[in-house]
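Engineer: compute the structure for the input listed below.
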Amino acid sequence: MNLYTSTWTTTTTEQMHTNLERENGSFMWFQIVIEVLLRSRSPEQYEKEVGELIARAKQQYKNNPTQLALIDQYHNKGYPGKPKIAAVLHELESTITWYTRECFLYRMLNKALRKQDIDMLYAFGFFIRRLHKELKKEQGEQIQKLKITTQSEPTLNRESTNHEKATSDILRGGSADSNSVEVKPNVEEKSNETVAEGPEPTVASIIHVYRGRGISNEELTKLKEGIGKTISINSFFSTTRNVTVALGFTQLVEKTADKQLVLFEVEADLCLQGAKPFADISHLSDNKSEEVLFMLGSLFRIVDVNKEDHLSDIWTVKLILCSDEDDRLKDVLERFKRQLPKKTNLYDLGNVLFEMGAYEHAQKCYTRHMCTAEDPLKEVTSVLCIKLGEIARIQKKYDFALKCLKKVSWCGPFKRWIRVC
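Structural biologist: Next up is the predicted model:
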């Protein structure tokens, strides 16, 4: 499965990450979008999201009988004539299993993430919430198993967990069995990180996983320049415990002058408090090479970017999973989150994006909300026209700004904006 991500800037360039230090605005807007998508929805909103996604999928794959059959199969899991309990029925089959299938779901979701398609991402809201919930559940169960294991086996053979030596040997043309690269003591100093519920951090709670792929020269340069800084992976990040499997994926990449082969080596602590969830999904995955899945928007610190051997064609990028509670971004994120109601809609998201200065994204939210409002003649339509007019003014699109403001007038003892019919 390919990894699709983007920098969430106003350009169309597709890249691997968003750099917190250089692109705070785009970094923050993506984190806020995730927060909105994860907020609860009413049953009616849930039904609308599912219905819209199915309709869009059928339109996109109308000439593909195989995918249409899968769409119907997925739809029927949630709608066997009982739409009122669709949210419950969707739990009958793992969302993780569906995401890892070679089908319309992961293709459409990752394309929406890559293209910053607000409409499509909002339609995928229920699916993203299900994936998040399942990852949290799986992680919690794995922490409990770890707690039992560490209590019954207080000592571990650290010599068999030297993953760095195993990785280096393979990059030089040697070999290592998969068990020798899974676990290693956490030797990096992690400031501002605390322990989540479960056992104290141990050698066993820290895993090392890998992802092999090709990236552009420009992206590699940014990763080199970002050593010591924080990045956001703007997709669901699938990895494997087996470094040999990950390296095998690099061999599938077509080599070109503007593309580099990269092995991402990730260290993650199951017990890290405040981090987005991740879990071993090998028992649920439809693709057995994808063993550990990280939540959309997970944060990582770049530890190193180098070639293990000057004769190798493969760069190694070492990452460590970070907490969302890092002091550098916690206060800012919390301020924006406090502006969001428990149950959100696109108008709420648009307001936060507007305040952040992400005007193009805010415009998309307001426009979609206006088109999908249950009663477009209500006062909210006037407010949306004002918002759209203000964005147009900021963008110096004065004709459109005037057009928006002509749709509203000032009247009434309470000085409210209302729509001129």
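Engineer: point out where the stretch 101-250 of the chain drops to low pLDDT.
Structural biologist: Counting by pLDDT under 70, the low-confidence segments of the stretch 101-250 of the chain come to 150-203.
Engineer: buried ones in stretch 205-219, by neighbour count?
Structural biologist: 205-216, 219 (16 or more other Cβ atoms under 10 Å). (Glycine included, C-beta is placed from N, CA and C.)
Engineer: mind putting the residues you listed in JSON lines, distance to Lys396 and secondary structure included?
Structural biologist: JSON lines is the format used below for those (distance: Cβ to Cβ, whole Å; DSSP: H, G, I helix; E, B strand; the rest coil):
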{"residue": "Ser205", "distance to Lys396": "54", "secondary structure": "helix"}
{"residue": "Ile206", "distance to Lys396": "52", "secondary structure": "strand"}
{"residue": "Ile207", "distance to Lys396": "51", "secondary structure": "strand"}
{"residue": "His208", "distance to Lys396": "51", "secondary structure": "strand"}
{"residue": "Val209", "distance to Lys396": "48", "secondary structure": "strand"}
{"residue": "Tyr210", "distance to Lys396": "48", "secondary structure": "strand"}
{"residue": "Arg211", "distance to Lys396": "43", "secondary structure": "strand"}
{"residue": "Gly212", "distance to Lys396": "46", "secondary structure": "strand"}
{"residue": "Arg213", "distance to Lys396": "40", "secondary structure": "strand"}
{"residue": "Gly214", "distance to Lys396": "40", "secondary structure": "strand"}
{"residue": "Ile215", "distance to Lys396": "36", "secondary structure": "strand"}
{"residue": "Ser216", "distance to Lys396": "33", "secondary structure": "strand"}
{"residue": "Glu219", "distance to Lys396": "32", "secondary structure": "helix"}
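Engineer: checking the residue positioned nearest the centre of the chain next. Helix, strand or coil?
Structural biologist: Per Cα atoms, centre = their mean, the C-alpha nearest to the average position across the chain is that of Leu296, at 1.8 Å. In terms of secondary structure, Leu296 is coil; the call rests on DSSP: H, G, I helix; E, B strand; the rest coil.
Engineer: how close does it get to Val33?
Structural biologist: According to Cβ to Cβ, to the nearest Å, Leu296 stands 10 Å off from Val33.
Engineer: so which pair among the buried residues of stretch 205-219 is furthest apart in space?
Structural biologist: Using Cβ to Cβ, the buried residues of stretch 205-219 span at most 34.7 Å, a distance reached by Ser205 and Ser216.
Engineer: in this structure, which spans are strands?
Structural biologist: For the chain, the strands defined by DSSP state E cover 18-19, 206-216, 230-232, 237-239, 259-269, 278-280, 292-294, 299-306, 314-321, 408-411, 416-419.
Engineer: can you add distance to Tyr122 and give those back as JSON lines?
Structural biologist: Listed next are these as JSON lines, based on distance: least, Cβ to Cβ, whole Å:
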{"stretch": "strand 18-19", "distance to Tyr122": "20"}
{"stretch": "strand 206-216", "distance to Tyr122": "28"}
{"stretch": "strand 230-232", "distance to Tyr122": "20"}
{"stretch": "strand 237-239", "distance to Tyr122": "22"}
{"stretch": "strand 259-269", "distance to Tyr122": "29"}
{"stretch": "strand 278-280", "distance to Tyr122": "24"}
{"stretch": "strand 292-294", "distance to Tyr122": "22"}
{"stretch": "strand 299-306", "distance to Tyr122": "23"}
{"stretch": "strand 314-321", "distance to Tyr122": "27"}
{"stretch": "strand 408-411", "distance to Tyr122": "25"}
{"stretch": "strand 416-419", "distance to Tyr122": "24"}
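Engineer: mind checking which of the ones you listed is nearest Lys111?
Structural biologist: strand 237-239 (16.1 Å).
Engineer: can you pull out the residues in contact with that closest one?
Structural biologist: 1, 3, 100, 209-211, 246, 264, 266, 287, 290-294, 298 (Cβ atoms under 8 Å, 6 or more residues apart in numbering).
Engineer: check what pLDDT the closest residue to His361 other than its chain neighbours gets.
Structural biologist: Leaving out its chain neighbours, the residue that sits closest to His361 by Cβ to Cβ, 6 or more residues apart in numbering is Leu353, at 4.8 Å. If you check Leu353, the pLDDT there is 80.
Engineer: over to Leu70?
Structural biologist: The per-residue pLDDT reported for Leu70 equals 93.
Engineer: wait, it sits on Glu102?
Structural biologist: No: Leu70 is not in contact with Glu102 according to Cβ atoms under 8 Å; the separation is 9.3 Å.
Engineer: more neighbours: those two, which one.
Structural biologist: Leu70 (19 against 13; other Cβ atoms under 10 Å).
Engineer: what separation is there between the more buried one and Met108?
Structural biologist: Taking Cβ to Cβ, one finds Leu70 at 12 Å from Met108.
Engineer: same check, this time on Gly228
Structural biologist: With Cβ to Cβ as the criterion, Gly228 and Met108 are 36 Å apart.
Engineer: and what of Cys404?
Structural biologist: Taking Cβ to Cβ, one finds Cys404 at 32 Å from Met108.
Engineer: could you do Gln67 as well?
Structural biologist: Gln67 is 10 Å from Met108, by Cβ to Cβ.
Engineer: common neighbours of those two, please.
Structural biologist: With Cβ under 8 Å, 6+ apart, Gln67 and Met108 have common neighbours Ala57.
Engineer: and the residue nearest to Ala279 when sequence neighbours are not counted, how far from Cys322?
Structural biologist: Distances taken as Cβ to Cβ, 6+ apart place Glu138 nearest to Ala279, at 3.6 Å, with adjacent residues excluded. Glu138 sits 20 Å away from Cys322, taking Cβ to Cβ as the criterion.
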